[in-house]
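Visitor: Let's see this in three dimensions:
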Amino acid sequence: MSRSLAETRTRWRALRCANLEIHPAERWVLADNRPLALTEREFEILLALAERRNLVVPRTEFYALVWGRRMTYRDRSVDVFVRRLRIKLHDAAPGWIYIHTHFGIGYRFAPERILAARQPIPPPSREAPAPPTVKATPTRSARGR
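Guide: Residues are numbered from 1 along each chain as shown. Purely as a prediction, here's the structure:
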């Protein structure tokens, strides 16, 4: 990251997106009012996405924003960091999806509440499932031939 960009970020106020607070100057994140432990790269990726909320950020752009270099052929670093970031966000705030994938392009930050995740999942039934019903089809002899 360039020095001027780092200096500019230290003057920024916290970004608030749904139940997520990102504090660029202090370099920490709260999810559901709980601190979220992120690596430097994970923090930079989350900040880059949050600054461009609802916009698709191409994978190649992450390399310039976070690593300060161009993407090399078949480099999957961004995908690995985004996967780890998603896991940490989910663990801290279940019931929310923050990062959406746009296959072949990149990622979009758009916090979305998932209501079904807050409902308890019923335990699996211990009863044997009912056998499938099969309709009998008439044979030639049954049709009168």
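
Visitor: now for the biggest helix by length in the chain, which elements pack on it?
Guide: Longest helix in the chain by number of residues (criterion: DSSP state H): helix 77-92. Secondary-structure packing of helix 77-92 (3 or more C-beta pairs under 8 Å, 6 or more residues apart in numbering; DSSP states H and E): strand 34-36, helix 40-51, helix 59-62, strand 96-102. Where C-beta positions appear, they are placed from N, C-alpha and C, glycine not excepted.

Visitor: Where among those is average confidence lowest?
Guide: Averaged per stretch, pLDDT over the helices and strands packed on helix 77-92 is lowest on helix 59-62, reaching a mean of 85.

Visitor: Just the CA coordinates for stretch 104-117, please, in CSV.
Guide: Output for stretch 104-117, consisting of C-alpha atoms alone and laid out as CSV, is shown next (Å, rounded to 0.1, in the frame of the first residue of the first chain):
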residue,chain,number,x,y,z
GLY,A,104,-15.3,-15.0,-13.5
ILE,A,105,-15.3,-11.4,-12.4
GLY,A,106,-14.8,-10.7,-8.7
TYR,A,107,-16.6,-10.0,-5.4
ARG,A,108,-19.2,-7.6,-4.2
PHE,A,109,-19.8,-6.3,-0.6
ALA,A,110,-23.5,-6.1,0.1
PRO,A,111,-24.6,-7.1,3.7
GLU,A,112,-27.7,-9.3,3.5
ARG,A,113,-29.5,-10.8,6.5
ILE,A,114,-30.6,-14.4,6.1
LEU,A,115,-33.6,-15.0,8.2
ALA,A,116,-33.6,-18.7,7.9
ALA,A,117,-30.1,-18.9,9.6
